[in-house]
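Visitor: pasting the structure only:
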């Protein structure tokens, strides 16, 4: 199955807006073992759109097109498709009815120019838009390619891709049952080290491995085709788990924060946070997860020292002697937040995210983490490279990873007790 | 100037990784009034890369290529370029020296396969990579187009685009002095309302206006060409400011959070936050800004009621009677955090971000904001549509906007006093 994607819009090429549709389509198709061979992006010009359509239709079995279906004068995709195929535009009654119904359901008046969105190339089959106004459509190119036209609004595009385009593609080209994949998220190892470990782990030879870095995480995709693809992936996953050990933080689509939230909930551990340099980022990542109130009690973003001494009971002499960015302060913050919140775990971060505030002794990137439990406190010091955003994000991910590991250790101890 | 972009990599088409380079190049070029006419993306296949290079070189004056320059076996761009131009590959001594120096500067051993990155098409001019290993290169296609090859790693790509490619393009095609632009960020008005206001504002006719939605913000780009472009933009900006009034939250590249931080600093106002449903997001957005400690004292992420009663002194009877999601609770939280932190402003958010927790009386999306000042408290209730992430983000942006407006009001009052 040879598929191309064509995105249309001046805003994608003049720097106003990034194209996210190509990546979203690639991901949805990839989940179904359908691979895009080529992607292209052109401006809102009839002749350029028509030329791209004809070029891609000549060398692919399907072309998924997004953008340029709206009501304004720079929406020229339907007209360009008609031109490419040499057919007239005509007002499609099905499309017009769908547009009317959409405005009725919203209780909003329909303008004359909205009717333009029902002007489709002759013989187009309308694709319903469940979320917005502009209908999509399907055309068969004279050279045999299936052309699917979808709106550029990402949510509408995605709903119609999943609802209309994928079923069509899969019906024509049933998913090969012999394709399987798994995604691994790794934290705490650099990409070359992940590669080394997986090379030495001797995964089944037929399993292809792809690496991508999404700072500060390394993502690994295992893919197998052919006979017994799922068994190959199962075996590869077992080998990869052993090789990556505690650095493997999530499987599939799960994020590090979601895995941390899930494990804390399962372990029945409650958490409170004291954040200085991360400024609420750890709390934000944990409370992004639905149901975070199961384990998250409270967080303190203690920028000023008065907040550290007031809420966290960090002794002023300690601050005066060791400074706010110190192992001693981190330890006191973790202990203080755990006591204030009366939780199982208290986690604290203090450091210098920059760009200002560094010194020879404590340069930008110096970060202390501390975790308080019923057994006492663990503290560690880090020195991270990167800009303010990177230092904050790496600190936050390390904090999540500490909580994740603590939850696993807790679950393991309980197993041992059983 | 007719420019194309070609991105290369299986991972961009199989769903493993989104292509961010095309958008980054479009933005950098757009700032210099250079516009991309066409973008394409192909897999790591020699024949497909070579075909795309020859096709784009035949119809554009410059082609910027990213990806496939690394040391691994699936990095095939240099070989494909040699094939497209019909020239041999050879070990480039300049490139090899740069690679060696990079490893030396990092104090890391260089592997044999790293030398492969110095295998360039004959007559290529090396482009230094200031951040990574793989050198880029420049080639002149027989049909006259300039071909620039850059690594796919976004930071390296961008540094070399700005350092090597843009100067070359601008030297050959000096920036037209008669192009000017301005970007406006709008919050609190829906896109159609922004359009209506700017249509009625009668901006100079020659100024083109483009709208994009970056939830929950609306971005507007004004662009003018021809004689007196900057004067046209200046006049358009004045008219747009008047039409958008207090909904215009930032100009140029500044974000809503950065504008809020800047205005709070200028006004000399200090802030403390009490966040429930936003879970630290507001604190995170404010402390993303360097120098946030100038105005930000502390934040409380009070998920559990014990945190609201303990740190914020919300009276337990109030919680029992009105509930944690109520105007009364928001007001008490704002007052409590302002007192606890001894700041000029205390801002509080409490609400139901979902997906669970809603009721007939207080459905998901119900959010209360409160701002405490020396004069008292202001409270407002909102009912927002969308998912958990959208409800949280819109709440956080509204909170930032309240702080921004309060800082402006404070500065205005001081002006009046002078």
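Guide: It's in. This one's a predicted model, so the numbers in the text were calculated from it and none came from an experiment.
Visitor: so the closest residue to residue A:256 other than its chain neighbours is in which element?
Guide: Of all residues not flanking residue A:256 in the chain, residue A:249 sits nearest, at 4.9 Å (CB to CB, 6 or more residues apart in numbering or on different chains). Yep, even glycine has a C-beta here, placed from its N, CA and C like the rest. In this assignment (DSSP states H and E), residue A:249 forms part of strand A:248-251.
Visitor: now that strand, how far from the chain's geometric center?
Guide: Taking CA atoms, centre = their mean, to the nearest Å, one finds strand A:248-251 lying 15 Å from the centre of the chain it belongs to.
Visitor: all helices of the stretch 51-200 of chain A, in order?
Guide: All helices of the stretch 51-200 of chain A, identified by DSSP state H, counting those that start in this stretch, fall at A:77-85, A:93-106, A:154-160, A:166-172, A:191-200.
Visitor: who's in contact with the residue nearest to residue A:256?
Guide: Each residue near residue A:249 by CB atoms under 8 Å, 6 or more residues apart in numbering or on different chains is listed here: A:185, A:186, A:187, A:217, A:256, A:259, A:401, A:404.
Visitor: low-confidence ranges, chain A, go.
Guide: Low-confidence segments of chain A, defined by pLDDT under 70: A:174-177, A:418.
Visitor: ok, now which ones touch residue A:325?
Guide: Here residue A:325 is in contact with A:276, A:277, A:350, A:351, A:352, A:362, A:366, A:368 (CB under 8 Å, 6+ apart).
Visitor: from these, which two are the most distant?
Guide: A:276 and A:362 (13.0 Å; CB to CB).
Visitor: of those two, who's got more company?
Guide: Here residue A:276 and residue A:362 are compared on neighbour count by other CB atoms under 10 Å in any protein chain shown; more neighbours surround residue A:276, at 30 against 18.
Visitor: surely the more buried one is in contact with residue A:351?
Guide: Yes. Contact criterion CB atoms under 8 Å: residue A:276 and residue A:351 qualify, at 7.0 Å.
Visitor: hmm, residue B:302 and residue A:296 touching each other?
Guide: No. Under the criterion of CB under 8 Å, residue A:296 makes no contact with residue B:302, lying 10.6 Å away.
Visitor: which ones are touching residue A:189?
Guide: Per CB under 8 Å, 6+ apart, neighbours of residue A:189: A:197, A:218, A:244, A:247.
Visitor: any chance of the residues you listed in a markdown table, plus neighbour count and distance to chain B?
Guide: Below are the contacts of residue A:189 laid out as a markdown table (neighbours: other CB atoms under 10 Å in any protein chain shown; distance: CB to the nearest CB, whole Å):
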| residue | neighbour count | distance to chain B |
| --- | --- | --- |
| A:197 | 17 | 16 |
| A:218 | 23 | 12 |
| A:244 | 23 | 18 |
| A:247 | 17 | 19 |
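Visitor: and the furthest pair within those residues?
Guide: Spanning the widest gap among the contacts of residue A:189 are A:197 and A:218, at 10.7 Å by CB to CB.
Visitor: in strands only, show me the contacts of residue A:325.
Guide: A:350, A:351, A:366, A:368 (DSSP state E).
Visitor: please tabulate those residues in TSV, including the columns distance to residue A:331 and neighbour count.
Guide: Listed next are the ones in strands among the contacts of residue A:325 as TSV, based on distance: CB to CB, whole Å; neighbours: other CB atoms under 10 Å in any protein chain shown:
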residue	distance to residue A:331	neighbour count
A:350	10	29
A:351	14	26
A:366	16	23
A:368	8	26
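Visitor: mind putting those residues in JSON lines, distance to residue B:83 included?
Guide: Shown next, in JSON lines, are the ones in strands among the contacts of residue A:325 (distance: CB to CB, whole Å):
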{"residue": "A:350", "distance to residue B:83": "55"}
{"residue": "A:351", "distance to residue B:83": "50"}
{"residue": "A:366", "distance to residue B:83": "50"}
{"residue": "A:368", "distance to residue B:83": "54"}
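Visitor: let me know the closest of those residues to residue A:40.
Guide: Nearest to residue A:40 among these is residue A:351, at 45.1 Å by CB to CB.
Visitor: picking up where we left off before, which one among the contacts of residue A:325 gets closest to chain B?
Guide: residue A:277 (8.2 Å; CB to the nearest CB).
Visitor: that closest one: what's it in contact with?
Guide: A:325, A:349, A:350, A:351, A:352, A:353, A:367, A:391, A:392, A:395.
Visitor: quick check: the residue of the stretch 101-250 of chain A nearest chain B.
Guide: residue A:212 (4.6 Å).
Visitor: buried residues in the host helix or strand of that residue, which are they?
Guide: Using DSSP H and E, the secondary-structure element containing residue A:212 is strand A:208-214. Within strand A:208-214, the residues that qualify as buried are A:209, A:210, A:211, A:212, counting by 16 or more other CB atoms under 10 Å in any protein chain shown.
Visitor: what does stretch A:187-198 give?
Guide: Buried-residue list, stretch A:187-198, by 16+ other CB under 10 Å: A:187, A:188, A:189, A:194, A:195, A:197, A:198.
Visitor: select the longest helix from chain A.
Guide: What stands out as the longest helix in chain A, according to DSSP state H, is helix A:388-417.
Visitor: who are the packing partners of it?
Guide: helix A:256-267, helix A:281-287, strand A:345-351, strand A:366-373, strand A:376-383 (3 or more CB pairs under 8 Å, 6 or more residues apart in numbering or on different chains; DSSP states H and E).
Visitor: can you say which of the ones you listed is nearest to residue B:237?
Guide: That would be helix A:281-287 among these, by CB to CB, at 34.0 Å.
Visitor: on that earlier part again, pretty sure the residue of the stretch 101-250 of chain A closest to chain B sits against residue B:11.
Guide: Yes. Between residue A:212 and residue B:11 there is a contact under CB under 8 Å: 5.9 Å.
Visitor: measure residue A:333 to residue A:188 for me?
Guide: 23 Å (CB to CB, to the nearest Å).
Visitor: OK, contacts around the nearest residue to residue A:389 once chain neighbours are set aside?
Guide: If the residues on either side of it in the chain are set aside, residue A:389 comes closest to residue B:288, at 7.0 Å by CB to CB, 6+ apart. By CB under 8 Å, 6+ apart, the contact set of residue B:288 is A:279, A:388, A:389, A:392, B:257.
Visitor: do I have it right that the last one meets residue B:400?
Guide: Yes. A contact is recorded between residue B:257 and residue B:400 when judged using CB under 8 Å, the distance being 5.7 Å.
Visitor: what about residue A:137, distance to residue A:119?
Guide: For residue A:137, the distance to residue A:119 equals 11 Å [CB to CB].
Visitor: with neighbour numbers in mind, choose between these two.
Guide: residue A:137 (25 against 16).
Visitor: now that one. Nearest residue, chain neighbours left out?
Guide: Nearest one to residue A:137, counting by CB to CB, 6+ apart, is residue A:124 at 3.9 Å.
Visitor: I figured the one you found hits residue A:91, correct?
Guide: No. Judged on CB under 8 Å, residue A:124 makes no contact with residue A:91 at a distance of 11.5 Å.
Visitor: neighbour count: those two, which is higher?
Guide: residue A:124 (25 against 11).
Visitor: quick check on that one: phi, psi?
Guide: phi -70, psi 140 (degrees, to the nearest 10).
Visitor: list the contacts of it.
Guide: So residue A:124 contacts A:81, A:92, A:137, A:138, A:139, A:149 (CB under 8 Å, 6+ apart).
Visitor: the fifth one against residue A:85, yeah?
Guide: Right, residue A:139. Yes. Assessed by CB under 8 Å, residue A:139 is found in contact with residue A:85 at 6.6 Å.
Visitor: these two: which is more packed in?
Guide: More neighbours surround residue A:139 than the other of residue A:139 and residue A:85, with 26 against 22 (other CB under 10 Å).
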